[in-house]
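> Any chance you can model this:
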Amino acid sequence: MSDKKNSPFQAAFWISNQEKLYILIICLLFILGFGARYLYLNNRRPSPPLDPQPEQIEKTEQIHE
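Now for the predicted structure:
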């Protein structure tokens, strides 16, 4: 290789293989969380309205009579 010495600033950014593995696992968990949230938001059912509309009230009264 070259005889050029690396500066301490460059040496501060060297990471070991174990540290690379930790960063990879954290990134994969982050992406998995985004994927789970995407699926959750796309597959949830809309919540029923809190105040029923007048047409719905009439329909339920007709059914109960």
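> Can you give me the pLDDT of Ile26?
Per-residue confidence for Ile26 comes out at a pLDDT of 98.
> any idea how far Phe13 is from it?
17 Å (Cβ to Cβ, to the nearest Å). In short, each C-beta sits where N, CA and C put it, glycine included.
> Could you do Phe30 as well?
Remark: distance between Phe30 and Phe13 (Cβ to Cβ) = 21 Å.
> try Leu50
In this structure, Leu50 and Phe13 are separated by 55 Å, where distance is defined by Cβ to Cβ.
> same deal with Leu32?
The gap separating Leu32 from Phe13 is 27 Å, by Cβ to Cβ.
> ok, those two, which is more surrounded?
Taking Leu32 and Phe13 together and counting by other Cβ atoms under 10 Å, Leu32 has the greater number of neighbours (10 against 7).
> Next one: Asn17 relative to Pro8, how far apart?
For Asn17 relative to Pro8 (Cβ to Cβ), the value is 22 Å.
> what about stretch 5-13, how long is it end to end?
Distance between the boundary residues of stretch 5-13 (Cα to Cα, to the nearest Å) amounts to 15 Å.
> Off-centre distance for it?
In terms of Cα atoms, centre = their mean, to the nearest Å, the centre of stretch 5-13 is set 35 Å apart from its chain centre.
> next one: stretch 30-42
Shown here is stretch 30-42, whose average C-alpha point lies 4 Å from the average C-alpha point of the whole chain (Cα atoms, centre = their mean).
> ok, now stretch 37-45?
Averaging C-alpha positions (Cα atoms, centre = their mean) puts stretch 37-45 11 Å from its chain's average.
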